[in-house]
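Visitor: Provide a 3D model corresponding to the input given below.
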Amino acid sequence: MKQRMKTTLSLAASLGLLWAAAGTRPATAAEAAPAAATATKSTNASPARTKDNIEFVIGPVYANAPELAVKEGVPKGSLHEFTMNSEDSKIYPGIAKRQPGTVPYKRKVAVYVPKQYAAGTPAPFIVVQDGIGYTNSMVKILDNLIHEKRVPALIAIFINSGGGDAQGSQRGLEYDTVSGQYTAFIETEVLPRIEKEYQVKFTNNPEGRATMGGSSGAACAFSMAWFRPDLYRRVLSYSGTFVNQQSPLNPDSPHGAWEYHEHFIPQSERKPIRVWLEVSENDNGSKRDEASLHNWVMANQRMAAVLKAKGYNYRYVFAEAAGHTDGRVTRQTLPGALEWLWK
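Guide: Residues are numbered from 1 along each chain as shown. Model (predicted):
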């Protein structure tokens, strides 16, 4: 992983570090942090604001990060796609809302292998929930970041859920269940198949293993690291569903993922997890009260607060005038978020 930058930096380097910490790298105007108030370039994106270089406010105007552009001379990784059939899964045979018994499904998976990957070498990697939707932008981002040595030459696994959404669905079962079950699925049914079919090898070092997602996919990513920090220690979350959406009911976590900020994190020893998380001003349930256990803004604000209180290495981004898993936010912040995640 990258070594931390020295504290003595030029103004330009300081601005770059600040933007990377926020997960937003606007090649833009004045950073609104007290230590960096001089404009460099001008774009339409609002500058990020921070008082501590840990928690940031961005928006209300957004612009695509420059890393989304295909750049001449940058080596291009390869993308391999395949489908997993539920009949082959021992862990997730298949369910669906309002349909009794086993309901078969197909799961799309794509694997990005960077051009710089050395065959047979254990590689760092990131597991991306709801992953197929990220491939178009993230492949270009990774090509650029790896070429610029801002992240290691990592493999990305873009994996979709088994389908549906929320309680009673296959996706809900996989992502909203507060346990290590989904991690077991990745470890036993996904990674071995990819290693065998595409002649790659994944590192066993938890520091070289990351996971990310949006909405319930983000809660799933956090669960992977929380229950198995021996396997995953880097988490990237957009509009994380840290609310009560678990089904079926688990007596060990009666409030579902709300339990993370309500009980689990405050009452547990700090784990070796690094977390970048974002929530939007107009996110799901933003007007609902605490009793609903379904306010994403409140949930993510409390996640940031308990992570801070327990001394976690975290970044928190609040996106003004944005909605749930807002694409404008992702396209602006993802390169910097990935860079911070791998420091």
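
Visitor: is it true that Trp103 touches Glu87?
Guide: One correction, residue 103 is Val, not Trp. No - with contact defined as C-beta atoms under 8 Å, Val103 and Glu87 do not form a contacting pair (11.4 Å). C-betas here are computed from N, CA, C, even on glycine.

Visitor: neighbour count winner among these two?
Guide: Set Val103 next to Glu87 and count neighbours by other C-beta atoms under 10 Å: Val103 wins out with 17 against 11.

Visitor: the strands in the protein, which residues?
Guide: Assigned by DSSP state E, the chain shows strands spanning 49-50, 55-58, 78-85, 106-113, 122-123, 125-129, 155-159, 201-202, 209-214, 234-238, 274-282, 313-323.

Visitor: what angle sits between the last one and strand 234-238?
Guide: Think strand 313-323. Strand 313-323 and strand 234-238 are oriented at 20 degrees to each other (axes from the mean of the first three to the mean of the last three C-alpha atoms, to 10 degrees).

Visitor: can you list the strands that strand 313-323 pairs with?
Guide: Strand 313-323 has its sheet partners listed here by DSSP bridges as strand 55-58 (parallel), strand 274-282 (parallel).

Visitor: picking up where we left off before, could the strands of the chain be laid out in CSV, adding mean pLDDT?
Guide: Converted to CSV, the strands of the chain look like this (pLDDT from 0 to 100):
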stretch, mean pLDDT
strand 49-50, 98
strand 55-58, 98
strand 78-85, 98
strand 106-113, 98
strand 122-123, 98
strand 125-129, 98
strand 155-159, 98
strand 201-202, 98
strand 209-214, 98
strand 234-238, 99
strand 274-282, 98
strand 313-323, 98
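
Visitor: for Arg288, give me its contacts.
Guide: 294-295 (C-beta atoms under 8 Å, 6 or more residues apart in numbering).

Visitor: one more: Val109?
Guide: Val109 neighbours (C-beta under 8 Å, 6+ apart): 81-84, 131, 157-160, 190, 194.

Visitor: try it again with 7 Å
Guide: By C-beta atoms under 7 Å, 6 or more residues apart in numbering, Val109 lies in contact with 82, 84, 157-159.

Visitor: for stretch 325-337, the averaged confidence score.
Guide: Averaged over stretch 325-337, pLDDT sits at 98.

Visitor: check what pLDDT Thr24 gets.
Guide: As predicted, Thr24 sits at a pLDDT of 48.

Visitor: now do Ser14
Guide: At Ser14, the model reports a pLDDT of 34.

Visitor: circling back: got TSV for the strands paired with strand 313-323, with distance to Asn205 and mean neighbour count too?
Guide: Compiled in TSV, these are given as follows (distance: least, C-beta to C-beta, whole Å; neighbours: other C-beta atoms under 10 Å):
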stretch	distance to Asn205	mean neighbour count
strand 55-58	29	23
strand 274-282	14	23
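
Visitor: for Thr135, find the nearest of those strands.
Guide: Ranking these by their distance to Thr135 (criterion: C-beta to C-beta) puts strand 274-282 first, at 20.0 Å.

Visitor: whichever of the contacts of Val109 end up buried, select them in PyMOL.
Guide: Entered in PyMOL, the line below selects the buried ones among the contacts of Val109, by 16 or more other C-beta atoms under 10 Å:
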select buried, resi 84+157+158+159
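
Visitor: what about this protein, any weak spots by pLDDT?
Guide: Scanning the chain for pLDDT under 70 picks out the ranges 1-43.

Visitor: try 50
Guide: Across the chain, the ranges flagged by pLDDT under 50 are 1-21, 24-42.

Visitor: could you pull out the helices for it?
Guide: Along the chain, the segments classed as helices by DSSP state H run 11-22, 135-147, 170-175, 181-185, 191-198, 216-227, 259, 265-267, 296-309, 327-341.

Visitor: ok, back up a step: now the strands of the chain as JSON lines including distance to Leu142?
Guide: As requested, the strands of the chain are exported to JSON lines (distance: least, C-beta to C-beta, whole Å):
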{"stretch": "strand 49-50", "distance to Leu142": "26"}
{"stretch": "strand 55-58", "distance to Leu142": "22"}
{"stretch": "strand 78-85", "distance to Leu142": "10"}
{"stretch": "strand 106-113", "distance to Leu142": "6"}
{"stretch": "strand 122-123", "distance to Leu142": "12"}
{"stretch": "strand 125-129", "distance to Leu142": "9"}
{"stretch": "strand 155-159", "distance to Leu142": "6"}
{"stretch": "strand 201-202", "distance to Leu142": "16"}
{"stretch": "strand 209-214", "distance to Leu142": "12"}
{"stretch": "strand 234-238", "distance to Leu142": "13"}
{"stretch": "strand 274-282", "distance to Leu142": "16"}
{"stretch": "strand 313-323", "distance to Leu142": "19"}
